[in-house]
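Engineer: the following comprises the amino acid sequence and a computationally predicted model.
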Amino acid sequence: MFGSCKKIKNLDLSFFNTKKVTNMRFMFCDCENLDKLNIFSFKTDNVIKMECMFFTCKQLKNLDLSSFKTKNVINMK
């Protein structure tokens, strides 16, 4: 969804409704300048694919994933 958005520095996705999402593959992949990301409200109960979700997010130092439910995830590479 935001993959390869190299100029984005800050994303607040707290308003996103992700209750029915099953695939979050490559969602933020190659967002090299992303240094602030609010995804605390993400509902991930139905997600089965998360691989490379944050791949090469070099500036992203702090990320709160404590709300993530990953019981159904089959690929988190």
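Structural biologist: In hand now; what should we look at? Bear in mind the structure is a predicted one, so any value in this text is a computation, not a measurement.

Engineer: now do the strands in the protein.
Structural biologist: For the chain, applying DSSP state E gives strands covering 10-12, 36-38.

Engineer: mind putting the ones you listed into JSON lines with mean pLDDT and distance to Asn23?
Structural biologist: From N, CA and C alone the C-beta is placed, and that goes for glycine too. Shown next, in JSON lines, are the strands of the chain (pLDDT from 0 to 100; distance: least, C-beta to C-beta, whole Å):
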{"stretch": "strand 10-12", "mean pLDDT": "95", "distance to Asn23": "19"}
{"stretch": "strand 36-38", "mean pLDDT": "96", "distance to Asn23": "19"}
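
Engineer: now do the contacts for Lys36.
Structural biologist: Lys9, Asn10, Leu11, Leu60 (C-beta atoms under 8 Å, 6 or more residues apart in numbering).

Engineer: surely the third one and Asp35 touch.
Structural biologist: No - taking contacts as C-beta atoms under 8 Å, Leu11 lies outside contact range of Asp35: 9.9 Å.

Engineer: pick the most buried one from the strands of the chain.
Structural biologist: When you average the neighbours per residue for each of these (mean count of other C-beta atoms under 10 Å), strand 36-38 leads with a mean of 17.

Engineer: neighbouring strands - and their directions - for that strand?
Structural biologist: With DSSP bridges as the test, strand 36-38 is paired with strand 10-12 (parallel).

Engineer: show residues contacting the strand it pairs with.
Structural biologist: Contacts for strand 10-12 (C-beta under 8 Å, 6+ apart): Phe2, Leu34, Asp35, Lys36, Leu37, Asn38.

Engineer: need the contact list for the first one.
Structural biologist: Contacts for Phe2 were tallied using C-beta under 8 Å, 6+ apart; they are Ile8, Leu11, Met27, Phe28, Cys31.
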